[in-house]
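> Okay, sequence plus prediction incoming.
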Amino acid sequence: MAQLSDDCFAFGGALLGVDEALARIDQRVIPVVGSETITLRAACGRILAENVVAAMNLPPHANSAVDGYAVRYADLASDRETDLPIGGRAAAGHPLGRAISPGEAIRIFTGAPMPEGADTVIMQEDCIVADSRVRLKPGIRKGANRRHAGEDVTLGEMALAAGLRLGPAEIGLASALGYRELQVCRRLRVALLSTGDEVREPGSELPPGAIYDANRFMLAAFLERLGCVVSDFGIRPDREAALLDTLSAASTDHDLIVSSGGVSTGDEDRVKAAVERLGSLYFWRLAIKPGRPVALGHVAGVPLIGLPGNPVAVAVTFAVLGRPLILKLAGAAAHTPHVFPVRAGFAYRKKPGRREYLRARLERESDTMVAHKYPHEGAGILSSIVRSEGLVVLDEATGALNPGAVVDFAPFSEVFA
Ligand code: AMP
Ligand code: MG
């Protein structure tokens, strides 16, 4: 069951860089074993466990790309109109059933198989039809408007590679190749909990000093979007005994434990101690803002990622570290989310040596996209994520940033998906 080798993440003193942390995750996380066969209709969001090699050509037959007239190019005059008799009809699903004869045109429709011997289709807009004859303009290119068999995917070609996350396009291609079912990686079983004496279940009474749980609901949504099956372990108090019970229960029948809160160095932060009792904790003090405390370790061999408490830090550290960890564990092929160069619409000053993620939205200004930083920067300001569209990523080296500077922008569609 251990998905993390034991020697990893031994890390003490200085802050660990984000790239280094990601490299360690990539090196050390071993995908879970197991796959299942599912119907295409159930495949969206799942990770392909097998290579899909085309057992047929796509399209299976040469066919017309337009409504018009199929001809033999050799029958066309190059310098004047050609007048041909219309000798037959081919529609989608209704092949002509014979080869084209020299000197005839075949009425043809989009998707209809090209009659054997016909190599060119003239669009109906370029034809004049009268008395079962068609007049064709000169200047047509040989092979025009003909789709070749296998021009999309060729028999024997790898159409979809193992590790791909299946979306609508991948499912469409699989069905076009005749697949009814696909073999996908089994879903990760993830145990999820919140920690904190102040944290309460939404809808319950809120005593003075308490807050409703935001992290567990946000994380459950992230995890389910990644295809995980979430077991809800609720909200645990800041008591080591309670955490020990919950973490040991969570370490049976799960592939991963995700917690939030309780990992910084404060006296009330008990997750660290509990994990150290039950397994080992490779405590990361990451050079990242928001979110410096992020714990990665294992409980009885089951990997655990302990995210910070502040909801914005949770979202950012989940996107930056949790998501790649989960995708790797689940069998997905490595894929670095795209960031896009945009212009900063703000001035900013940061501490060099750590990577910062600023919530921002984009606005188009003539031919460039400009990122506008959300004005309220606190790591607890959950509405800032709702009102933003992505993260401006400022690398470790950046110190002062002036308006107009080119910065990396990671859309939520890339890092939250
Ligand atoms: P901690 O890391 O446990 O010290 O928490 C840091 C901050 O995040 C504190 O203000 C907590 O109240 C807040 N917090 C912790 N857990 C949650 C949660 N599940 N939902 C919302 N806020 C939380
Ligand atoms: Mg706490």
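Alright, I've got the coordinates. Ligands and ions are numbered 1, 2, ... in the order given.
> show me where the stretch 301-417 of the chain has strands.
302-307, 340-344, 348-349, 355-365, 368-373, 390-394, 400-401, 406-411 (DSSP state E, counting those that start in this stretch).
> nope, the stretch 151-300 of the chain is what I was after
158-160, 181-185, 189-195, 199-200, 211-212, 229-236, 256-260, 279-285, 288-289, 293-299.
> Can you list the low-confidence ranges for the stretch 1-150 of the chain?
Within the stretch 1-150 of the chain, the segments meeting pLDDT under 70 span 1-13.
> residues in the stretch 301-417 of the chain within reach of ligand 2, list them.
By Cβ under 5 Å from the ion, the part of the stretch 301-417 of the chain that sits against ligand 2 consists of residue 309. Backbone N, C-alpha and C define where each C-beta goes, glycine included.
> Which single residue in the stretch 301-417 of the chain comes nearest to ligand 1?
residue 309 (2.1 Å; Cβ to the nearest ligand atom).
> Just to check, that residue is in contact with residue 197?
No: here residue 309 does not reach residue 197: they are 11.6 Å apart, not a contact under Cβ atoms under 8 Å.
> Compare the strands of the stretch 301-417 of the chain and give me the one nearest residue 259.
strand 302-307 (4.9 Å; Cβ to Cβ).
> Give me the packing partners of that closest one, helices and strands only.
In terms of contacts (3 or more Cβ pairs under 8 Å, 6 or more residues apart in numbering; DSSP states H and E), strand 302-307 is packed against strand 256-260, helix 271-278, strand 279-285, strand 293-299, helix 311-317, helix 323-329.
> mean confidence for that strand?
Per-residue pLDDT over strand 302-307 has a mean of 96.
> same deal with stretch 379-387?
95.
> how about the residues of the stretch 51-200 of the chain near ligand 2?
Applying Cβ under 5 Å from the ion, we find that the stretch 51-200 of the chain lies next to ligand 2 at residue 196.
> in the stretch 51-200 of the chain, what residue is nearest ligand 2?
Sorted by distance to ligand 2 under Cβ to the ion, the residues of the stretch 51-200 of the chain start with residue 196, at 3.7 Å.
> my read: that residue touches residue 308, true?
No: using Cβ under 8 Å, residue 196 makes no contact with residue 308, being 11.4 Å away.
> which residues are common contacts for those two?
residue 261 (Cβ atoms under 8 Å, 6 or more residues apart in numbering).
> Neighbour count for the two, which is higher?
Neighbours were counted for residue 196 and for residue 308 using other Cβ atoms under 10 Å; residue 308 has more, 27 against 21.
> Next one: that one from residue 119, what distance?
Note on residue 308: its distance to residue 119, by Cβ to Cβ, to the nearest Å, is 65 Å.
> how about the residues of the stretch 301-417 of the chain near ligand 1?
308, 309, 310, 311, 380 (Cβ under 6 Å from any ligand atom).
> near ligand 1, which residues of this protein show up?
When proximity is defined as Cβ under 6 Å from any ligand atom, the chain approaches ligand 1 at 194, 196, 198-199, 211, 213-216, 260-262, 264, 266, 269, 308-311, 380.
> rerun at 5 Å
194, 196, 199, 213, 214, 215, 261, 262, 264, 309, 310 (Cβ under 5 Å from any ligand atom).
> I'd like to know which of those residues are buried.
Buried members of the residues of the chain next to ligand 1, counted by 16 or more other Cβ atoms under 10 Å: 194, 196, 199, 213, 214, 215, 261, 262, 264, 309, 310.
> Switch those residues over to JSON lines; also include distance to residue 99.
Shown next, in JSON lines, are those (distance: Cβ to Cβ, whole Å):
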{"residue": "194", "distance to residue 99": "71"}
{"residue": "196", "distance to residue 99": "77"}
{"residue": "199", "distance to residue 99": "76"}
{"residue": "213", "distance to residue 99": "71"}
{"residue": "214", "distance to residue 99": "69"}
{"residue": "215", "distance to residue 99": "68"}
{"residue": "261", "distance to residue 99": "74"}
{"residue": "262", "distance to residue 99": "76"}
{"residue": "264", "distance to residue 99": "78"}
{"residue": "309", "distance to residue 99": "74"}
{"residue": "310", "distance to residue 99": "72"}
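> Just name the lowest-scoring one in those residues, pLDDT-wise.
residue 264 (80).
> leaving aside the residues next to it on the chain, what's closest to it?
The shortest distance from residue 264 to any residue other than its chain neighbours is 4.2 Å, reached at residue 293 (Cβ to Cβ, 6 or more residues apart in numbering).
> The one you found and residue 285 touch, don't they?
Yes: using Cβ under 8 Å, residue 293 is in contact with residue 285, at 6.6 Å.
> So for those two, which sits in the more crowded spot?
The neighbour count for residue 293 versus residue 285, taken as other Cβ under 10 Å, is higher for residue 293 (25 against 17).
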